[in-house]
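*Asks:* this one's sequence-less:
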């Protein structure tokens, strides 16, 4: 009996040991705890303390582990990066559509190139533009406000020249047209020349390194003779073509009449001594006083120093004539201004 009594006494002492003692209320300022589902350990703790003591003791939900924070941060960064990549991809796709050649994406980019013609300076050099696409682009040139159009190093030939010839008489803003390093031949030059006859705004035309021979040069020279009184063309670049002495003769005949061209470039052609002399004599005789620059190096006749010196002297004379004319014009303007101010 005494043994059982001592055993029950030890059980009572163990129960007393597990009875929770009152927890002192902390004096810290209460902070809002995040709302979350209680874990099993919290439920057990509350059951031990009793619902009546919940006002005295608050066991907050365990804070999110550091690993969870890192994972959430990485997930947020990945989502943001994915969104940025999508936007960038879309933007690059649009830019690629405008910058890549239409020969690769055929006519889907045609409208985009037409939209590009709404800028004042349009550079479509080296875009692998096919003749069909180039024709479509230049057909809309009449309604474009572009002042400079660069079409260097494409695949443009007769079809493009035809469209350009149709558009040029109706173009009123284009001043610079660069068509170098294409495949424009004599036929294309002839079609382009027809458009030049009716154009009144183009100042610089570059046809360097195409396939233009004497027949094509004849068409161009005739167009500058026919419309010379109204033409605005100042610079004509025919470098790297197939012009011989015969073509040089056509250019010389043009210079006898034309008074707007100030720069003519025929370097890297097939012009001999007689062809260069023919052009130089027009200037040296005083039949043309407007030409100020003639580039002719790389031709068979360019090695003749006598002819080269004659051309140089004639151009120098023209420059002096131009300076005197400009000085005279300034004096006239100053006199009119002074006269106007006197009677004002």
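*Replies:* That came in fine, so what should we check first? Worth saying up front: this structure is predicted, and the values here are computed from it rather than measured. Residues are numbered from 1 along each chain as shown.
*Asks:* helices along this protein, start to end?
*Replies:* 2-18, 40-49, 66-99, 102-105, 110-116, 131-139, 158-167, 186-197, 214-226, 245-257, 273-284, 305-343 (DSSP state H).
*Asks:* quick check: nearest residue in space to residue 190, chain neighbours excluded?
*Replies:* Excluding its sequence neighbours, the residue lying closest to residue 190 (Cβ to Cβ, 6 or more residues apart in numbering) is residue 219, at 4.0 Å. Placement of C-beta: from N, CA and C, glycine included.
*Asks:* show me the contacts for that neighbour.
*Replies:* Counting by Cβ atoms under 8 Å, 6 or more residues apart in numbering, residue 219 makes contact with 186, 189-190, 192-193.
*Asks:* for stretch 243-257, give me every contacting residue.
*Replies:* Contact with stretch 243-257 is made by 212-214, 217-218, 221-222, 224-225, 228, 261, 264, 266, 269-272, 274-276, 278-279, 281-283, 287-288, 291, as judged by Cβ under 8 Å, 6+ apart.
*Asks:* one more pass at 6 Å, please.
*Replies:* Identification of contacts with stretch 243-257 by Cβ atoms under 6 Å, 6 or more residues apart in numbering yields 214, 217-218, 221, 224-225, 228, 269-272, 274-275, 278-279, 282, 287-288.
*Asks:* just stretch 260-277 next, same as before
*Replies:* 231, 233-241, 243-245, 248, 290, 292-301, 304, 307.
*Asks:* still on that earlier bit, for the contacts of residue 219, which one is nearest residue 175?
*Replies:* Each of the contacts of residue 219 was checked against residue 175 using Cβ to Cβ; the closest is residue 192, at 16.4 Å.
*Asks:* and that closest one, how many residues sit next to it?
*Replies:* When counting by other Cβ atoms under 10 Å, one arrives at 27 neighbours for residue 192.
*Asks:* now do the contacts for it.
*Replies:* Counting by Cβ under 6 Å, 6+ apart, residue 192 makes contact with 161, 164-165.
*Asks:* between the residues you listed, which sits nearest residue 116?
*Replies:* Among these, residue 164 lies closest to residue 116 (Cβ to Cβ), at 16.6 Å.
*Asks:* ok, and the closest non-adjacent residue to the closest one?
*Replies:* Here the residue nearest residue 164, using Cβ to Cβ, 6+ apart, is residue 138, at 4.9 Å.
*Asks:* alright, I will stop here.
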